[in-house]
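Q: Take this sequence and fold it.
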Amino acid sequence: MKIDIHTHILPAIDDGAKNEKESIAMLEMLKKQGITDVCFTPHFDPRTRSKEAFAAKRREAYNRIKEAVLQSGITPHFGAEVKLYPNLFNNESLELLCIDGKKHILIEMPFEPISENAVIDRLYKLCADYSVIPILVHPERYKKFFNENFLCEACNAGCLVQVDNEVFGNIFLRGKAKRFVEDGLVHLIASDCHNTSDRRPNFDVAKKFLGEELFEEIIQNSMIINEAP
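A: All right, here's what the predicted structure looks like:
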């Protein structure tokens, strides 16, 4: 079993796949790379939509490709890539946003200016108030956050850390990313695929740079989503 825990494959729901045809092509790409399970995780912004409205739109988008998913043999999972805005804490429960309604929730930091302390405080609050396990996604996109001290703090807050496979194709970041994997500060890898062109699913980039053994180890870590109660 190999799981891609972070994708934007559902059609016409966010900045990912534009239509059903592109969604199906992305699924085929993942299947050819040995992926057996896919988490459908559209963007969720708590400032603009309720989690109930989001879940309904996610279900509607999935139903448009449901038959193709079943025919592909890929096992579907459902979650969200959640923006870490204060409005998120207005919810009594985050179950609808967690992967398969369990414990793990993908968290995206705001791209607007925010301090390390503010991010860490919100991550602690997520863990304490909602009993979830935040998965902090693609910290490599934030220059000031992709460092040992911040990732240690995030881990101490109870988070897991996920990088996108494309970081291992970046000559400026891939060495640092590999070191963080080896040091246990990065736990997961995902495609974060959005289309079939410049942001297509391509785990071969990570496999080539990390080597077969380390790549298999980190991709297998994604099975934690099946272990959560």
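Q: tally of neighbours for residue 176?
A: For residue 176, the tally of surrounding residues (other Cβ atoms under 10 Å) stands at 16. (Glycine included, C-beta is placed from N, CA and C.)
Q: Quick check: chain neighbours aside, which residue is closest to it?
A: Nearest non-adjacent residue to residue 176, counting by Cβ to Cβ, 6 or more residues apart in numbering: residue 146, 7.0 Å away.
Q: Contacts only, for the one you found.
A: Residue 146 is in contact with 139-140, 173, 176, counting by Cβ atoms under 8 Å, 6 or more residues apart in numbering.
Q: Specify which member of the residues you listed is nearest to residue 72.
A: residue 140 (29.7 Å; Cβ to Cβ).
Q: And what about that closest one, helix, strand or coil?
A: Reducing the assignment to helix, strand or coil with DSSP: H, G, I helix; E, B strand; the rest coil, the entry for residue 140 is helix.
Q: same deal with residue 171?
A: The local conformation at residue 171, judged by three-state DSSP, is coil.
Q: now it: how far from residue 151?
A: For residue 171, the distance to residue 151 under the criterion Cβ to Cβ, to the nearest Å works out to 21 Å.
Q: Who has more neighbours out of those two?
A: For the pair residue 171 and residue 151, the greater number of neighbours falls to residue 151 (20 against 7), based on other Cβ under 10 Å.
Q: ok, and for the strand or helix carrying that one, which residues are buried?
A: Residue 151 belongs to helix 148-156 when elements are defined using DSSP states H and E. The neighbour-count check on helix 148-156 (16 or more other Cβ atoms under 10 Å) flags 150-151, 153-155 as buried.
Q: out of the residues you listed, who's nearest residue 60?
A: Compare each of the buried residues of helix 148-156 with residue 60 using Cβ to Cβ and the shortest gap goes to residue 154, at 33.5 Å.
Q: need the contact list for the residue lying closest to the closest one once chain neighbours are set aside.
A: Closest residue to residue 154 apart from its sequence neighbours, by Cβ to Cβ, 6+ apart: residue 136 at 5.4 Å. Going by Cβ under 8 Å, 6+ apart, residue 136 touches 107, 109, 123, 154, 159-162.
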